[in-house]
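Novice: this is a predicted model, with the sequence first.
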Amino acid sequence: MSVESVQPVILPRTTKGKRPSFFDDPAIDQVMTFILELTTEVAVMRERLDTVERLLDQHGSVTRAALEAYSPGPEVEAERTAWREGYLKRIYRMHSPEK
Amino acid sequence: MTTQTVYLPSREEKSRQDFVLGLKLLANGAAQQRVREEYRRAVLPEVSRRLGSAPATREQVQGELARSAAFRQWAVLTHKSQSMMWDAIEATTHRVAPESARRMARLRGAATRRGSLELDPSLQVPAPIGNTEIHRQPGGYVGSPDPDDVTSGLRYIGASMIYSVGKGQKEAAGDGRAHVVASQLQARFPDLPAPRRILDLGCGIGVHSQAIAQAFPDAEYHAVDVAAGLLKFGHLIAEERGVPIHFHQRDAAATGFEAGSFDLVISNILFHETNAANLPQILRECRRVLRPGGAMLHVDVATQVTRLPLADQVMNHWQVDWNGEPFWTGFSEQDMRAQIVAAGFDPALSFADHLAKATGAWYVFGSRAN
Ligand SMILES: C[S@@+](CC[C@H](N)C(=O)[O-])C[C@H]1O[C@@H](n2cnc3c(N)ncnc32)[C@H](O)[C@@H]1O
C-alpha cells in the first residue's frame, strides 16, 4: 500500500476553528457573515410568527406544543416557499452593487 | 418512503435548515452564474490579452478570477452557508443523539437482526476519510469508538437532506438516492441474471444500499466502508426498516472477500472521496472479487475537467481548499475508462460516460468481468 493510503486517523482541523477571509479586508467577510446569520434568524422567526397567526386564527389560542405539532399543508408550504425565494432574491441583489 | 425515524428535525430546526438550503441554492445558482458572467466579461479578455491566446487551463485563470468581487462573494456565501448548515444540523443531532444511542444499544443486544455489523478498530483508515473532515462535517465520518455513538451518521443524513438538495438532487436522503444506480443497472446490463451476492463499496450510511437490496430481495447484500461512525448508523436504520444488509468496516481496496465471489459490485459517489493511490487498487479489487460474467457499476460526480468550462473548474478546485474535498480535482482529472481497463477489465466491455438527468449530472462507469 502506498504511503498516502495508510495515514493514521487524526482529525486535526475542526469546522469551527478555521475562519478564512476571502476579501482582502476581513471586515467584508465579517459583515457578510453577520448579514447571513441575521437574515436566517429573521426568516425562521417570520415562519414561526406565521404559524402563531394561523393557529390563533383557527383556535384563538396557541401553545408551544401546538407550534411544534403544526404541520403546514401544501398551500401554506407553497406560500412560504414563494416568500423565501423572493426574500433571498432581495438579499442577493443587496450583495451585488453592480445590479 | 421514509428510510429512517431517528434523525427528525423539530419545526424550528426544519425551518432553519430550509432557509440554509435556500442560501445554498443561491450559492450554487445565481452566485455561481455571476462568477461565470464575470469570467466572460472581464477575466477571459484580460487573460487572453496577457497570454496572447485563449487560456487552456484552470491555473491560467484562477488567480484573476479569484480576485474578482463576484468570486469572493460566491466564496463567502458558499463557505458560510456550509458552516450554517452544520450548525443547523448540530442542533438536531445533539437533540436526537441520546435516543439514537439507546436504540443502538438495544439493537446490539437484539437476537432478531436480519443483517450484521462488523467493525475493525485496527483498520488503517485511508486518506482523505482518515484525516479530513469531508465537506467540513464536524468530527469527520469516522466518529468515536463508542459502539452506540452514531452521531457522524446523524450528521451525514442531516446533510444529505439539505446538501444534496442544494445541488438539485431531490429525495437524496431516501430511496431516491439509489435512483441513478438502479436505473443504470437496468440500462447497462439488461441481460444480467438476478445476482446472488452483491458488494456495495463506500456504502456510507447505506441509504441507497437499502433501496438496491430491496430491488434484489433474494441476493445476499454486503456493504463496505472505512468509516465506523457511518456504518453503525447504517446498520441501525437498515435493521429498523427490516432490510437485511451486512455492513463491514473494510477498505474497498482490500476487502478480504474471496476471489470471484460476487455477481455485482456497485458504488455510489465513492471514488471522489478516495485518493490517487487508492483508486486503481479499488478497481483491481472489484475485478478480483467478481465472478466471470459479473458486473461492476459506479456512479460519481460529473466534474470531469474535459467537460467543464474553466470558470467552473476554478470553483470546483476551490472545494479542495475550502470544502474538505481533497480529491475533488484529482478525481476530476481521471479517465475512469482507462483506469478500469488498466485494472484488468476487457476494453470492449468497459465504459465511462456522462449522464445528464433532470436531477443532476453524473459520471457513470463500469464493466463486466469475463
Ligand atoms: C460520499 S460518501 C457516499 C456514501 C454512500 N454511498 C451514499 O451514497 O451516501 C463516500 C463514502 O466512501 C467511503 N470511502 C472512502 N474511501 C473508501 C475506501 N477506500 N474504502 C471504503 N470506503 C471508502 C467514505 O467513508 C464515505 O462513506
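Specialist: Thanks, I have it.
Novice: what does the stretch 51-200 of chain B put close to chain A?
Specialist: Taking C-beta under 8 Å from any C-beta of the partner chain as the test, the list of the stretch 51-200 of chain B residues beside chain A reads B:70, B:72-73, B:75-77, B:79-81, B:83-84, B:86, B:124-127, B:130-133, B:136-140, B:142. Glycine gets a C-beta too; all of them are placed from N, C-alpha and C.
Novice: of the residues you listed, which belong to helices?
Specialist: Cross-referencing those against helices under DSSP state H gives B:70, B:72-73, B:75-77, B:79-81, B:83-84, B:86.
Novice: from the residues you listed, list just the buried residues.
Specialist: B:70, B:72-73, B:75-77, B:79-81, B:83-84, B:86 (16 or more other C-beta atoms under 10 Å in any protein chain shown).
Novice: give me the subset of the residues of the stretch 51-200 of chain B next to chain A touching the ligand.
Specialist: Of the entries in these, the ones placed beside the ligand under the rule of C-beta under 6 Å from any ligand atom are B:Pro126.
Novice: any stretches of chain B with poor pLDDT?
Specialist: Counting by pLDDT under 70, chain B shows low-confidence ranges at B:1-2, B:163-172.
Novice: for the buried ones among the ones in helices among the residues of the stretch 51-200 of chain B next to chain A, which one is nearest B:Arg177?
Specialist: Nearest to B:Arg177 out of those is B:Trp86 (C-beta to C-beta; 20.2 Å).
Novice: so the closest one makes contact with B:Arg136?
Specialist: Yes: applying C-beta atoms under 8 Å as the test, B:Trp86 and B:Arg136 come out as touching, 6.6 Å apart.
Novice: spit out the contact partners of the residue nearest to B:His135 when sequence neighbours are not counted.
Specialist: For B:His135, ignoring the flanking residues on the chain, the nearest one in space by C-beta to C-beta, 6 or more residues apart in numbering or on different chains is B:Gly324 at 5.2 Å. By C-beta atoms under 8 Å, 6 or more residues apart in numbering or on different chains, B:Gly324 lies in contact with B:128, B:132-137.
Novice: and the residues you listed, which is closest to B:Pro98?
Specialist: With C-beta to C-beta as the yardstick, the closest approach to B:Pro98 among these comes from B:Gln137, at 20.3 Å.
Novice: next one: phi and psi at the closest one?
Specialist: Torsion angles at B:Gln137 (phi, psi; degrees, to the nearest 10) stand at phi -60, psi 120.
Novice: then B:Leu119?
Specialist: Backbone torsions for B:Leu119, taken as degrees, to the nearest 10, come to phi -110, psi 150.
Novice: how about it, nearest residue that isn't a chain neighbour?
Specialist: Counting by C-beta to C-beta, 6+ apart, B:Leu119 lies nearest to B:Gln249, which is 4.7 Å off, once chain neighbours are set aside.
Novice: closest to the centroid, which residue in the chain?
Specialist: Since you didn't name a chain, this refers to chain A. Centrality entry for chain A: nearest residue to the mean C-alpha point is A:Thr40, 3.9 Å, by C-alpha atoms, centre = their mean.
Novice: should've been chain B
Specialist: B:Ile269 (3.5 Å).
Novice: what about that residue, distance to the ligand?
Specialist: Distance, B:Ile269 to the ligand, using C-beta to the nearest ligand atom, to the nearest Å: 4 Å.
Novice: surely that residue touches B:Val301?
Specialist: Yes: using C-beta under 8 Å, B:Ile269 and B:Val301 qualify as a contacting pair, with a distance of 6.3 Å.
Novice: does the ligand have contacts with the host helix or strand of B:Ile157?
Specialist: Take DSSP states H and E as the rule and B:Ile157 turns out to sit in helix B:151-159. No: applying C-beta under 6 Å from any ligand atom, one finds that helix B:151-159 is not in contact with the ligand, the shortest distance being 7.4 Å.
Novice: using PDB, write out every CA atom in that helix.
Specialist: Coordinates of each C-alpha in helix B:151-159 appear next as PDB, following Å, rounded to 0.1, in the frame of the first residue of the first chain:
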ATOM      1  CA  THR B 151     -23.600  11.000  15.600                       C
ATOM      2  CA  SER B 152     -21.400  11.000  12.500                       C
ATOM      3  CA  GLY B 153     -24.200   9.100  10.800                       C
ATOM      4  CA  LEU B 154     -26.800  11.500  12.100                       C
ATOM      5  CA  ARG B 155     -24.800  14.500  10.700                       C
ATOM      6  CA  TYR B 156     -24.400  12.700   7.400                       C
ATOM      7  CA  ILE B 157     -28.100  12.100   6.900                       C
ATOM      8  CA  GLY B 158     -28.800  15.600   8.100                       C
ATOM      9  CA  ALA B 159     -26.500  16.900   5.400                       C
END
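Novice: measure how far that helix is from the centre of its chain, please.
Specialist: Computed by C-alpha atoms, centre = their mean, to the nearest Å, the separation of helix B:151-159 from the middle of its chain amounts to 13 Å.
Novice: list the buried residues in the helix or strand that contains B:Ser183.
Specialist: Using DSSP H and E, B:Ser183 maps to helix B:179-188. The neighbour-count criterion (16+ other C-beta under 10 Å) identifies B:179-182, B:184-185, B:188 as the buried residues of helix B:179-188.
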